[in-house]
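**Student:** below is the sequence, then the predicted model.
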Amino acid sequence: MSEERKMVKVTIDGNQYEVPAGTTILEAAKSVGIEIPHYCYHPGLSIAGACRMCLIEVEKVPKLQIACYMTVGDEMVIYTTNERVKRARKAMLEFHLVNHPLDCPVCDQAGECGLQNYYMLHGLYISRVRENKVKKGKKATQIGPHVMLDQERCILCSRCVRFCNEIPKTSELGMFNRGDREVVDIFPGRELNNPYSANVINLCPVGALLSKEFRFKTRVWYLETVKSVCMRCSRACNILIDYNIRRPWKNDGRRLSRLRPRYNAQVNDWWICDEGRFGFDFVDAADRLTVPLSAAGGAQAHSGWEAALETAAARLRQAASEIGDVAVLVSPRLANEALYLLKRVLAEQLPGTSVAFSSLNEHEPTQDDILRKADKNPNTTGAEFLSLTTANAEVKDHAYLLQTAKKGNLSALIVIAHNPVGLPELYGRGWSEALDKVPFKVFIGTNENETSRKADVVLPLAAFAEYDGTVTNFAGRVQLLRRAFDPLGEALAGWELLRRLGNALGGEYDFGSAGEVFDELAQKEDKFAGLSYGDIGELGVKVNG
Amino acid sequence: MAITVKKIDASPKMNLLERTYLREILRGLWITNRHFVVNLTRHILNLFRIKAKPGAVTIQYPEQHRGYHKRLRTAHYLAHRENDDGPRCVGCMMCETICPAKCIYIVPTEHPDPNVEKQAVKFTIDMGRCVYCGFCVEACPEDAIRMDSGRLDICSYSREGMLWDMDRLLANHHDPAPYKDEEKWLDEEF
Amino acid sequence: MWIELLTKVLIAGAVLTGILSFGGVLTWVERKQSALMQDRIGANRASILGFRLLGLFHIMTDGIKMFAKEEFIPRTDHRVLFLLAPFIAWLFSLAAFAVIPFSPELTVAGYQVTLQVANPEIGLLVAFAMMGMAIYGVVLGGWASNNNYALLGSMRATAQMISYEVALAAAAVGPLLIYRTLNMQEIVIRQGQLYNGWLPLWGIVLQPLAFLLFLVAGAAETKRVPFDLPEGESEIIGFNLEYSSMRFGAFMFTDFIEKILVACLTTTIFLGGWQVPWLADDGFRLGGALALELGPMVVWLLRLAAFGIKVCALIYVLMLVRWTLPRFRYDQLMSFGWKFLLPLAFLNIIVTAAVVLVLNL
Amino acid sequence: MPEVKLIKRFIETENGHRLREFESAGGYGSLRKIIGEGWDAQQVIDILKASNLRGLGGAGFPTGLKWSFVPKDIEGPKYLVVNADESEPGTFKDRHIISGAPHLLIEGAVIAAFCIEAEDIYIYIRGEYYEPARIMEQAIEEAAEAGYIGEDFLGSGHTVRVHLHRGAGAYICGEETALLSSLEGGKGWPKLKPPFPAIKGLFGKPTIVNNVETLSQVPIILDKGAEYFASLGIERNGGTRLFGVSGHVKRTGIYELPLGTPMKELIYEHCGGIRNDRKLKAVIPGGSSCPVLTAEQAASINMDFDSLAGIGSMLGSGGLIVMDETTDLVQILWRICRFYAFESCGQCTPCREGTGWMTRIMERIAKGEGTVQDIDDLKEVAEQIMGNTVCPLGDAAALPVVSFLSKFRADFEAQVGPRRVHAGAVVTQAEAEEN
């Protein structure tokens, strides 16, 4: 912002602060580290002022005011923790709980529930309610593909309603009836199926809206969390990965439990789309590749890394000396580090290899102007910055590679994190026969698929949440991918796999971590100049290029 | 201050006869002998159905049961829902969370009855790991897991056998005096 | 010739079977007796078809258990010795029974029959010699186990058994001075005399101190409480540490056999062997007159029974001691043996020798 | 003092709801005067300010001042909204005006619209007022035919359109912002203030919301002059207002009296005293949401905004509910609680949950299952609601509870059992002995 915002002096709980004029008291207090409890307020949504949890006292104003709505004024004196405010908070909490079923034991929100947290912080009174609670209609009802509604637990903060009205602008939800009979519900005949519907799960401060997928899978306090980014499209939304590795009997042994959005004003604000949120099944799927396979003439069989890499290296070298090309199908699903090492290994160990790039994958190219991008790869821009896309004239495209393979002009093909055979009819037609004409195929990927089954050597790649690295989003923002847990079986992170392949091909690549690879990349590649792995931080860095 | 050594002779003063311990040995032998004779007599009398004091204080576990204090923490069991065969357990995992030995393994699922919502589909306690602290009972909001079964015969031929699954925990129940044949055993005790 | 050989084999077989059975029964007796002494019930669980017979089947089940258990043999350079050791102890303990006179002679169909396998002139020395040999089983077992603790256990056992062997022999010298023979049968016959026509002149009457010393040293020889330092079932690691299964059983069983042996020797030397007071070859005699006339077969049976009863009584006493007194400390054990038992035994010998010399018995 | 029939004169006119009779009684004179003499808005506002006319819907905000808040020089439409959603229990004055003198309201509304430059007048009439709505519709048609409204009315060069909107039966829509939400087509939920409707109201445009009676006074003031009107009442409480008396009096009905008239005079002279000449027990002075008055307070109080505020009550909508000594106040309060719990809009927590909770506690007390503890809890819950809600409905629900319990506690204690101490409560020695 070019113009400076006017600053006002306010006194909060006896300390003077300078805050920008026009901010709400709640935001002003938050900026100086004072948390004012709230349910209905959300910085990404309009202000409802309904929950009344954020009542604070402003000097010279007779009534308590709601901090989420009242803006700061010059010389304002605000009390957020005096006795009157505390009493009001306790009273509001008591009201919230009057008709709340208190079924925390069966509620998935328990552990991250606003009512629980605030009760522990601000409530701690003894219940005076001796009346029967109001029974609301819907209990554990599915209202959309991902969302379960429980009206009894709802505290009617209206966050979900406002979200549907304001962000996807689809308005599926509404508030029905009045008084303590009031409920949040889906409009008749509608379904909460907008592409961002599951955000209401995170918005809901209580357990009224819960994830169908995550429901009953585990308790949130068993989860561990890392900050990472979504790999489902080129937006690369900031997310939190919640995973459970300590209690493997939960959730059929799936390690990755759920993804949640993480605030980043430059990328995704507070939201992520449902495709990204639920698109992690492949990580713990049964068809994950866990060990290197090699098909020495016959069926694919289990082999150690050494043997598989030896075979691959020997055959690739042999192929390079034969008539016909050695080709690589580069994937924009690899992290920057893996792409960089791929580029270096190819240039140094297999010069003359023809590089092809394809951003096609099995996902539908959905897009809108909220978050979703049509390019369903996380790192197309990174590949572009590394001159590995068709923007570089030397790089071939998907169709060209298919033609070459069909003609039988390929002596070897390395497919990385792609599934050309399994692509939709339009793009995938002919690949199966074309691959049969390539004498030697190496497949590097996470899951078994139509292409991997045709490969002579299959090298298992670590999946999302299993390795550290960086990806560059459509806007050129380099962001950190974080490893949540170890790769399944013997799978390796992309950079590590390519490092070992490079060594097997006769090179000497010595990197101990993704950070080391990135730091070298930053030195060698103009686009990434000046960056270092340690400086990227949680919110990422925009690349100048 | 210099260190001084003070010798304390604490050995009892005994005369020669005492030092042979002969008298004490004989007294000891007499006591044990008396017990032998008296008990043998009682056993024989009892054997011939002549009422006499029991010849031994032994409790014939497991047929005879001493009766435990009601607060004794014995083998776990899962209580049943009222008017229902299912477990009271709603799979909240409070017990699993509090368990210091980490010996409770719960997998929850949807309950077929929409009013109940959640239930445990697998509820396994590794009895070999359990430390009988009773925290699980304290933590349970549904009073579903209890430790007053009165059973202490927790044993198995294998580690796997110590994993008590939900069916077994549900089959167990509160029974303060599970063994009723006390009289019979008194007769046959020797 | 053949008939004599056959008779000897039969007698030896009878003795062997009897001793082994009795040893087996003792395992049950020990359990039951200790249980009664301690207000318990004792083993009573093993049953066949619902019959428990006061736990008598435990003798069998113990045997089955011992045979069925996994046998663990340590890695040792002396595997053969390790395997043999328990049976050396066992064998020599049993061999000592060859000279025990369980009964007087009986003439059956012209043959002199007695329940004694052999009756050499040096019978008592043979018994002592066999008892001494039994130590080898313990020593070799501990040594061949290739285990320092077992070795230490066997060293303790050796030291204890040799120490008390000396006292045992010394205690027996007293009566022998009076009997003037080492022939076991003869020793028993000598005790058939009556003093003043009513007091049987048994060893215990003539040599009460020697009897006590012999009994104590004998108890120590059996390595049982309060002299159980060599193995100490629950606390001290003993010489049989590395043994398992039946080999361990053999060691344990040897203890019981030794106990019977000590009881038999004591009976023979001090309690008049098979003698029944006032029973002569033709019946009971009181004051020289024949009170009750009995046939030779009845007398023989009565005398055989008398031997058995005396042995049982002694075993009862030994077990009573075993379940009453606590264990000695090792230094107490040694000083008790060398500084108390042995000097007393020597004193007894000197006094006895003097009396015998003076009275010219 | 006799009644001063300023509005009532038109109401009592035979067929006063027809244009002809209304005109013959002097109606539309003020409007004609303003248009004909070419007044500007400020003149009218000044007269209103001088007349001490206050909002007669309940809040008592000076009308002239309110009109002057509307920004003058902004683009886009402005609106006048007539709040005819008279739902307060005990209040029925607007119904009489609409049924008896609808043209008086139209005249006042058109003057107001002229003053604030609004082209659209919305009359938001209570859904249950079917007959009054029909009369109003007829009046609007008549006025349009006669040219009092519509494009270039009375040749003024201004346009004014009158729209009649029938509510759907929600009490909360009597609250001005909820009324606007409802008019906009949304759920009748009050909005956060500020901004006030005068700045940002209907469809986000400057809007004045006035009560039926307030607007009906406007032509009369312009006709009779500000000084006369102001002199009728007392200081800062100008003119007369319609008091609707219901309950245990001999003659219930509408009485138009100057502000500041003693309540005793209204009850005992105009209404003829208490039914069966029983003793007075309590009076709710201005609709059910106003704190109740005891008989002693009722005997000494003057009926104007400031006096009633002085003793902790409100004049409100001027609907008196008179209760004699036979009244069961527990049942009354339970009924009031039920009303507010039913009508709470459900937007903000204290009102949504608190009103229902209070009703359930009241139900227990009323059924004789309550304890002294319940009375204390009830009062505390009411105090927790008060002042913490988005709109005044929370206060409206809490005030009767607090006032009933503090002024007539004995009536409630007579119906409950001994104090039941709930688990964990700290009991003082004195309390323990009391039990």
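**Tutor:** Looks like it arrived, so ask away.
**Student:** next up, the contacts around A:A383.
**Tutor:** Counting by CB atoms under 8 Å, 6 or more residues apart in numbering or on different chains, A:A383 touches A:V330, A:P332, A:L334, A:L339, A:F357, A:T389. Backbone N, C-alpha and C define where each C-beta goes, glycine included.
**Student:** following the chain onward from the one helix or strand it maps to, which element is next?
**Tutor:** Taking DSSP states H and E as the definition, A:A383 sits inside helix A:380-385. Elements were assigned by DSSP H and E; along the chain past helix A:380-385, the next helix or strand is strand A:396-397.
**Student:** what's next to that following strand, contact-wise?
**Tutor:** Contacts of strand A:396-397 (CB under 8 Å, 6+ apart): A:A327, A:S354, A:V355, A:A356, A:F357, A:S358, A:T390, A:T404.
**Student:** pull up the pairing partners for it, direction included.
**Tutor:** Strand A:396-397 has its sheet partners listed here by DSSP bridges as strand A:354-357 (parallel).
**Student:** run the chain-centre distance for the strand it pairs with.
**Tutor:** Here strand A:354-357 is found 29 Å from its chain centre; the criterion is CA atoms, centre = their mean, to the nearest Å.
**Student:** which residues touch that strand?
**Tutor:** A:325-330, A:332, A:346, A:383, A:388-390, A:394-398, A:400-401, A:404.
**Student:** okay, buried residues for stretch C:143-157 please.
**Tutor:** Using 16 or more other CB atoms under 10 Å in any protein chain shown as the test for burial, stretch C:143-157 gives C:143-147, C:150-157.
**Student:** let me fix that: stretch D:117-130
**Tutor:** In stretch D:117-130, counting by 16+ other CB under 10 Å, buried: D:A118, D:D120, D:I121, D:Y122, D:I123, D:Y124, D:I125, D:R126, D:G127, D:E128, D:Y129.
**Student:** what is the most widely separated pair among those residues?
**Tutor:** Farthest apart among those by CB to CB are D:A118 and D:E128. That separation is 27.0 Å.
**Student:** C:V15 is in what secondary structure piece?
**Tutor:** Remark: C:V15 resides in helix C:2-37, with elements defined by DSSP H and E.
**Student:** gap between that helix and the chain center?
**Tutor:** Distance, centroid of helix C:2-37 to centroid of chain: 12 Å (CA atoms, centre = their mean).
**Student:** so A:I245 touches A:E224, yeah?
**Tutor:** Yes. Taking CB atoms under 8 Å as the definition, A:I245 is a contact partner of A:E224 at 7.4 Å.
**Student:** now for the closest residue to D:I11 other than its chain neighbours, how many residues are close by?
**Tutor:** For D:I11, ignoring the flanking residues on the chain, the nearest one in space by CB to CB, 6 or more residues apart in numbering or on different chains is D:G100 at 3.3 Å. For D:G100, the tally of surrounding residues (other CB atoms under 10 Å in any protein chain shown) stands at 21.
**Student:** which positions in chain B make contact with chain A?
**Tutor:** Within chain B, the positions lying close to chain A (CB under 8 Å from any CB of the partner chain) are B:90-94, B:96-97, B:105, B:107-110, B:114-115, B:117-118, B:122, B:141-142.
**Student:** ok, so of the contacts of strand A:396-397, who is nearest chain C?
**Tutor:** Of all these, chain C sits closest to A:A327, with 62.0 Å by CB to the nearest CB.
**Student:** would you say the closest one is within a strand?
**Tutor:** Yes. Assessed by DSSP: H, G, I helix; E, B strand; the rest coil, A:A327 belongs to a strand.
**Student:** can you give me the distance of it to A:K396?
**Tutor:** According to CB to CB, to the nearest Å, A:A327 stands 8 Å off from A:K396.
**Student:** and for those two, which residues touch both?
**Tutor:** When contacts are counted by CB under 8 Å, 6+ apart, A:A327 and A:K396 are jointly contacted by A:S354, A:V355, A:A356, A:T404.
**Student:** show me what the first one bridges to in the sheet.
**Tutor:** Under DSSP bridges, the beta-bridge partners of A:S354 are A:A327.
**Student:** ok, the residue in chain B positioned nearest to chain A - how many residues close by?
**Tutor:** Going by CB to the nearest CB, chain A is nearest to B:C92 of chain B, at 3.2 Å. B:C92 has 24 neighbours, counted by other CB under 10 Å.
**Student:** my read: A:R500 touches A:E310, true?
**Tutor:** No. At 10.8 Å, A:R500 does not count as touching A:E310 under the criterion of CB under 8 Å.
**Student:** and these two? which has more neighbours close in?
**Tutor:** The residue with more neighbours, out of A:R500 and A:E310, is A:R500; 18 against 15, by other CB under 10 Å.
**Student:** that older thread, farthest-separated two in the contacts of A:A383?
**Tutor:** A:L334 and A:T389 (12.4 Å).
**Student:** using the three-state scheme, assign the spatially closest residue to D:I106 that is not a sequence neighbour.
**Tutor:** Nearest residue to D:I106 in three dimensions, chain neighbours excluded: D:A143, at 5.1 Å (CB to CB, 6+ apart). Under the three-state scheme (three-state DSSP), the conformation of D:A143 reads as helix.
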